[in-house]
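Q: Provided below are the primary sequence and the corresponding predicted coordinates.
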Amino acid sequence: MSSDRITPRTLKGFRDFLPAAMMQREQIIDTAKQVYRSFGYAPIDTPALEYLEILTGKGSDETDRQMYRFEDAGGRQVGMRFDLTVPLARYCAQHINELGTPFKRYHIAPVWRGENTHRGRYREFMQCDFDTIGSQSLVTDIEVAVVIHELLNQIGISDFTLRINNRQVLNGLLEQLGLRDQATPILRALDKLAKTDAETVMEEMTRQSTATTEQAAKILSLVQVTGTNGEILDQLEKLADGHEATLEGIEALRHVIEGTQAAGVAQDALVLDVSIARGLDYYTGTIYETFLNALPQIGSVCSGGRYDNLTGVYTKQELPGVGASLGLDRLLAAMEELGLLQGHRTPAKLLVTFFDRDRLSDYLKICTALRRRGLAVELFPEPKKLGQQLKYANRQGFEYALIAGTQEFEGQRCQIKDLSTGESHNVDLDEQCEQLANWLQSHSPTPASEHAG
RNA sequence: GUGGCUGUAGCUUAAUCGGUAGAGCAUCAGAUUGUGGUUCUGAGGGUUGGGGGUUCGAGUCCCCUCAGCCACCCCA
């Protein structure tokens, strides 16, 4: 009999979340929502499953290969979304007449990619996208950088670098060298510059594309321009040699950098990096990548860019846009490694102990009154020994425990024990628990205890 | 998907040339029944990720498989 039992397990790259982990996830999601909303982005959602033809051929061959696909019970060829941008494109092509432009939306949802797993890389993971559709104004490019900056700050991360670049600059420089049609292999090689040395990159460039050694060297010299953002722009301008598209890209970068500074982003938090080339093929303007300074090797935790024509494959109407995506799971993996996570297991602030077995109705009444005043409270379900109840309260991460027995009820008060300090406070118990609620609300949450989930 | 490394109770881990698994933490229960996170005692929990093979005998050797990590690739 027992040998017939099924081993409980999850698929490679798919995970369960315990309450302590889920609390962290929800906290970041809530923060993202609040930041996106503060800029006027509105929520949307789309189905997890789409017709296969909607999804294929929109990213790269690689994303097609990684997509989960199957035939549904009705014989339809379907695929699971591998990002939120392609569904957004379909969504806009379908609804833009009802929406109008500029259309600002955020979308927080899981996506699926059947690729090999890694630290911070899963087959089911959550993306927190925000985009502005239908505007070519650089104001929207500026806003994306400001949102990313604000988002990470609100999450509680200050030690990060937001790197930006512009595809027009890269493409323009390649065009000057007559290598425009070699952009993909060259940019792919270039992208490895952060991981390896210039020689290796040059070698790959000449091997994977038609570029000569001289051309490869030129590209690297262009990309390795150093200095402050302003100095880099000035130097690039000279190197552009009057090439129109390149100069346009440089001007765009200048605007974005100046704009973000005007918006209050510290100068050193935004770095112009001509070597970042990544991002999906559909990016055409500004591109963004965000690295945690303490853990750059985990990759970008928030990336995005501008695209000229989101909906081209679905409709004649051209819709430009710009946006970025926070990689929630990668960020959490990084935060866990960096010890930035706290270990609360309960969303409730107060545990009402079931102390006197004859006073259940009083405890229930107190809980209801407090909840009606907006406090999250939990009643311990059994009249166990107080020590055990307090142990539970401590383990779950409650901030306070309410203790009330005959002595307290006779004096029309209760005992509130601060679980982080061990101190007890006597608080009056009126009919509607008004004083108690006020007491709890006026005592700011104690800093999270050290024990991490 | 390709190549490499790893896999012992919930977690961290011990086991000498192959001789049938030990511990710490955690959990649960107690220590003359109103106070936890720092004591003491006890208990549960492992067919050593799973399957097969070699052997008198395998956690230890071989093969397959699953999962994790690293590199490539790609990306959040």
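A: Received, thanks.
Q: check the secondary structure at A:F125 for me.
A: strand (DSSP: H, G, I helix; E, B strand; the rest coil).
Q: list the contacts of it.
A: By C-beta atoms under 8 Å, 6 or more residues apart in numbering, A:F125 lies in contact with A:110-111, A:113, A:327-330. For glycine as for every other residue, the C-beta is placed from the backbone atoms N, C-alpha and C.
Q: quick check: the residue of the stretch 1-150 of chain A nearest RNA strand B.
A: Using C-beta to the nearest atom of the strand, the single residue of the stretch 1-150 of chain A nearest to RNA strand B is A:K12, 2.8 Å away.
Q: circling back: just flag the most distant two among the contacts of A:F125.
A: Across these, no pair lies farther apart than A:R113 and A:L328, at 14.5 Å, counting by C-beta to C-beta.
Q: let me know the pLDDT of the closest residue to A:A376 other than its chain neighbours.
A: Spatial nearest neighbour of A:A376, chain neighbours left out: A:A348 (4.1 Å); criterion: C-beta to C-beta, 6 or more residues apart in numbering. We have a pLDDT of 89 for A:A348.
Q: how about the residues of the stretch 251-400 of chain A by RNA strand B?
A: A:278-281, A:297, A:299-303, A:325, A:327, A:329-331, A:355, A:384-388, A:390-395 (C-beta under 7 Å from any atom of the strand).
Q: what's the answer for the stretch 101-250 of chain A, then?
A: Checking the stretch 101-250 of chain A against RNA strand B by C-beta under 7 Å from any atom of the strand, the hits are A:113, A:115-123, A:125, A:127, A:188, A:192, A:195.
Q: tell me the buried residues within the contacts of A:F125.
A: A:111, A:113, A:327-330 (16 or more other C-beta atoms under 10 Å).
Q: hang on, the earlier thing: identify the residues contacting the residue nearest to A:A376.
A: Taking C-beta under 8 Å, 6+ apart as the test, what A:A348 contacts is A:376-378, A:398.
Q: from those, pick the one nearest RNA strand B.
A: Nearest to RNA strand B among the contacts of A:A348, with distances taken as C-beta to the nearest atom of the strand, is A:F398, at 8.1 Å.
Q: excluding chain neighbours, what is closest to the closest one?
A: Excluding its sequence neighbours, the residue lying closest to A:F398 (C-beta to C-beta, 6+ apart) is A:L351, at 4.5 Å.
Q: so what pairs up with the one you found in the strands?
A: With DSSP bridges applied, A:L351 shows beta-bridge pairing to A:E378, A:A401.
Q: off-centre distance for stretch A:87-102?
A: Computed by C-alpha atoms, centre = their mean, to the nearest Å, the chain-centroid distance of stretch A:87-102 equals 23 Å.
Q: name the residues that touch that stretch?
A: Contacts of stretch A:87-102 (C-beta under 8 Å, 6+ apart): A:44, A:46-47, A:50, A:54, A:58, A:81, A:103, A:105, A:107, A:129, A:131-135, A:140, A:310-311, A:313-315, A:317, A:319.
Q: tell me the contacts of the residue in the stretch 201-350 of chain A positioned nearest to RNA strand B?
A: Distances between the stretch 201-350 of chain A and RNA strand B by C-beta to the nearest atom of the strand are smallest at A:G327, namely 2.0 Å. With contacts defined as C-beta under 8 Å, 6+ apart, the neighbours of A:G327 are A:120, A:125, A:127, A:300-303.
Q: pLDDT wise, what is it at?
A: Per-residue pLDDT puts A:G327 at 92.
Q: tell me what it is bridged to.
A: Listed by DSSP bridges, the beta-bridge partners for A:G327 are A:Q127.
Q: what about A:D30, neighbour count?
A: 12 (other C-beta atoms under 10 Å).
Q: for it, pull up the helix or strand it's in.
A: For A:D30, the element it lies in under DSSP states H and E is helix A:19-38.
Q: what about the residue lying closest to A:D131 once chain neighbours are set aside, which SS state?
A: Sequence neighbours aside, A:G323 is the residue nearest to A:D131 in space, at 2.7 Å (criterion: C-beta to C-beta, 6+ apart). Put simply, A:G323 is strand when judged by three-state DSSP.
Q: could you pull out the helices for the stretch 201-350 of chain A?
A: A:213-223, A:229-240, A:244-262, A:328-337 (DSSP state H, counting those that start in this stretch).
Q: report all helices and strands that the shortest one contacts.
A: It refers to helix A:328-337. The contact analysis (3 or more C-beta pairs under 8 Å, 6 or more residues apart in numbering; DSSP states H and E) places helix A:328-337 against helix A:19-38, strand A:124-133.
Q: just give me the lowest mean pLDDT stretch among these.
A: helix A:19-38 (a mean of 92).
Q: elements contacting the next helix or strand after that helix?
A: Moving toward the C-terminus from helix A:19-38, the next helix or strand (DSSP H and E) is strand A:42-43. Judged by 3+ C-beta pairs under 8 Å, 6+ apart, strand A:42-43 is in contact with strand A:103-112.
Q: gap between the strand it packs on and the chain center?
A: On C-alpha atoms, centre = their mean, the centre of strand A:103-112 falls 11 Å from that of its chain.
Q: list the pairing partners of that strand within its sheet, with orientation.
A: Here, using DSSP bridges, strand A:103-112 pairs with strand A:42-43 (parallel), strand A:124-133 (antiparallel).
Q: can you tell me what sits against that strand?
A: With contacts defined as C-beta under 8 Å, 6+ apart, strand A:103-112 is touched by A:29, A:32-33, A:36-37, A:39-46, A:48, A:67-68, A:80-84, A:87-88, A:92, A:96, A:123-134, A:328.
Q: coming back round to it: count the neighbours of the residue nearest to A:F398 for me.
A: When neighbours are counted by other C-beta under 10 Å, A:L351 comes out with 25.
Q: and the strand or helix carrying A:L162, which residues are buried?
A: Following DSSP H and E, the helix or strand that holds A:L162 is strand A:160-166. Judged by neighbour count using 16+ other C-beta under 10 Å, the buried positions of strand A:160-166 are A:160, A:162-166.
Q: okay, these in a markdown table with distance to A:A263 and pLDDT next?
A: Below are those laid out as a markdown table (distance: C-beta to C-beta, whole Å; pLDDT from 0 to 100):
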| residue | distance to A:A263 | pLDDT |
| --- | --- | --- |
| A:F160 | 17 | 93 |
| A:L162 | 13 | 94 |
| A:R163 | 18 | 92 |
| A:I164 | 14 | 93 |
| A:N165 | 19 | 92 |
| A:N166 | 19 | 92 |
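Q: what's the closest of those to A:G230?
A: For the buried residues of strand A:160-166, the nearest to A:G230 is A:I164 (13.9 Å; C-beta to C-beta).
Q: mind listing what that closest one touches?
A: A:145, A:253, A:256-257, A:270-273, A:276, A:286-289.
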